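# Sequence first, predicted model second:
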Amino acid sequence: SGGLDDWLRSTFPSDTCALCKSRRALTAFVNCWTRLVPELSVHELQPLVQLLPTLVAGKIRDATADLVMLARTRLRDLTAVAEEASKQNEDADHKRLCTEIVKLLEAYECSGKVPQVLLEYSIFKQSLYRKRLLPLLLGFTPGLELSTRSQRLTLDNLVEELIAMDKVPLNMIAEYKAKQPGSAAQQRKSG
């Protein structure tokens, strides 16, 4: 969009530009861009929405107002579609992580050892580990559904082992401990 930014700035520096002098040229400009707007990406629409209104004045602003409004609407539509797609991807990723955690719990229950893949995440994929996996394991993020008491005990044991291995940040440990039944914070809530 740097190219479009530059082009708009050089085309509309003042009322002396060629488009500003000819009604026919201005109409052709608006018609051409009006046909292009539905085909443009977010990055191509942004200069039209942000720059064009600041570069033109008077009768030219009036002539380009519908074009800018069309570009704004298209930009809003594209942004909404992108946000919805992102939300769907996040939901799918969240479900996948929950499924993966259940498998990790099964592996931990069978072997009695912290699964190697979880340790690898804590080292090589720290962002995923700290922002997504730990909040699920520690119960900060909803979505991890454990159907049996045995699974919940296995989860508690796994978390305690991760804490003992210094694989859980101190602030998360404090929050986790405060949420545990029998903690002072839980007793204050129920009392």
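Yep, that arrived. Numbering: from 1, shown residues only.

# Grab the longest helix from this protein for me.
Scanning the chain for the longest helix, with DSSP state H as the assignment, gives helix 58-111.

# For the helix or strand following that helix, could you pull out the residues that count as buried?
Using DSSP states H and E, the helix or strand that follows helix 58-111 in sequence is helix 116-124. Applying a neighbour-count criterion of 16 or more other Cβ atoms under 10 Å, one finds 118, 121-122 buried in helix 116-124. Glycine gets a C-beta too; all of them are placed from N, C-alpha and C.

# Out of those residues, which comes closest to Lys103?
The shortest gap between Lys103 and any of these belongs to Leu118, at 10.5 Å (Cβ to Cβ).

# Once you drop chain neighbours, what's closest to that closest one?
Leu104 (5.7 Å; Cβ to Cβ, 6 or more residues apart in numbering).

# Now do that neighbour, the pLDDT please.
Note for Leu104: predicted pLDDT of 90.

# contacting residues for it?
115, 117-118, 158 (Cβ atoms under 8 Å, 6 or more residues apart in numbering).

# quick one: which two of these are the most distant?
Between all members of the contacts of Leu104, the farthest pair (by Cβ to Cβ) comes out as Val117 and Leu158, at 12.7 Å.

# thinking again about what came up before, now the buried residues of helix 116-124 as CSV including pLDDT and distance to Gln88?
Listed next are the buried residues of helix 116-124 as CSV, based on pLDDT from 0 to 100; distance: Cβ to Cβ, whole Å:
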residue, pLDDT, distance to Gln88
Leu118, 91, 27
Tyr121, 89, 24
Ser122, 90, 28
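
# how much space between the residue nearest to Leu118 and Tyr129?
12 Å (Cβ to Cβ, to the nearest Å).

# where does this structure have low pLDDT?
1-2, 13-19, 182-191 (pLDDT under 70).

# Could you look up the SS state of Gly143?
Of the three states, Gly143 takes coil under DSSP: H, G, I helix; E, B strand; the rest coil.

# check contacts around it.
Contacts of Gly143 (Cβ under 8 Å, 6+ apart): 94-95, 98, 136.

# Specify which member of those is nearest to Pro169.
Taking the contacts of Gly143 together and measuring to Pro169 by Cβ to Cβ, the closest member is Leu136, at 14.9 Å.

# where's the closest one, which helix or strand?
Using DSSP H and E, Leu136 falls in helix 134-137.

# quick check: angle from the following helix or strand past that helix to helix 58-111?
Using DSSP H and E, the helix or strand that follows helix 134-137 in sequence is helix 149-164. Calculated by axes from the mean of the first three to the mean of the last three Cα atoms, to 10 degrees, helix 149-164 forms an angle of 100 degrees with helix 58-111.

# name the helices or strands packed onto the helix or strand following helix 149-164?
Under the assignment DSSP H and E, the closest C-terminal helix or strand after helix 149-164 is helix 170-179. Counting contacts by 3 or more Cβ pairs under 8 Å, 6 or more residues apart in numbering; DSSP states H and E, helix 170-179 is packed against helix 149-164, helix 184-190.
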